[in-house]
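J.: okay, structure incoming, though there's no sequence with it:
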């Protein structure tokens, strides 16, 4: 047991975190209007947390990974440059 605790204490600072970001396109099928949202929620999760009408379709255009502390209230990292 002591070995396991020692192992955790030595290697825990080496751990890193990351999270995925999505560029979502929300399009209204009735009006044809679109809006773009950057979120850490995928299209299905976004619909569950934000008001989206039945006539709106949520898809993602782009996704990328951000590295770092996911618990901090910081702005999302920028997407990498398109190649």
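T.: That came in fine, so what should we check first? Remember, predicted model here, so these are calculated numbers, not experimental data. Numbering: from 1, shown residues only.
J.: what's the first helix or strand after the helix or strand of the chain with the lowest mean pLDDT?
T.: Least confident helix or strand of the chain, by mean pLDDT, DSSP states H and E, is helix 2-11 with a mean of 65. Going down the chain from helix 2-11, the next helix or strand is strand 18-28, by DSSP states H and E.
J.: quick check: buried residues in that following strand?
T.: Across strand 18-28, burial judged by 16 or more other Cβ atoms under 10 Å covers 21-22, 24-26. To be clear about C-beta, it is placed using only N, CA and C from the backbone, and glycine gets the same treatment.
J.: residue 38: which of those residues is nearest?
T.: Comparing the buried residues of strand 18-28 against residue 38 with Cβ to Cβ places residue 21 closest, at 6.4 Å.
J.: I figured that closest one hits residue 42, correct?
T.: No: judged on Cβ atoms under 8 Å, residue 21 makes no contact with residue 42 at a distance of 10.2 Å.
J.: so where's the protein shaky on pLDDT?
T.: Along the chain, segments meeting pLDDT under 70 span 3-16, 70-72, 82-83.
J.: partner strands of the helix or strand where residue 58 lies, with direction?
T.: Applying DSSP H and E as the criterion places residue 58 in strand 56-67. Here strand 56-67 is paired, per DSSP bridges, with strand 18-28 (antiparallel).
J.: next structured bit after the partner strand?
T.: strand 34-39.
J.: packing partners of the helix or strand that that following strand is followed by?
T.: Next helix or strand after strand 34-39 toward the C-terminus (DSSP H and E): helix 43-49. On a contact count with 3 or more Cβ pairs under 8 Å, 6 or more residues apart in numbering; DSSP states H and E, helix 43-49 meets strand 18-28, strand 56-67.
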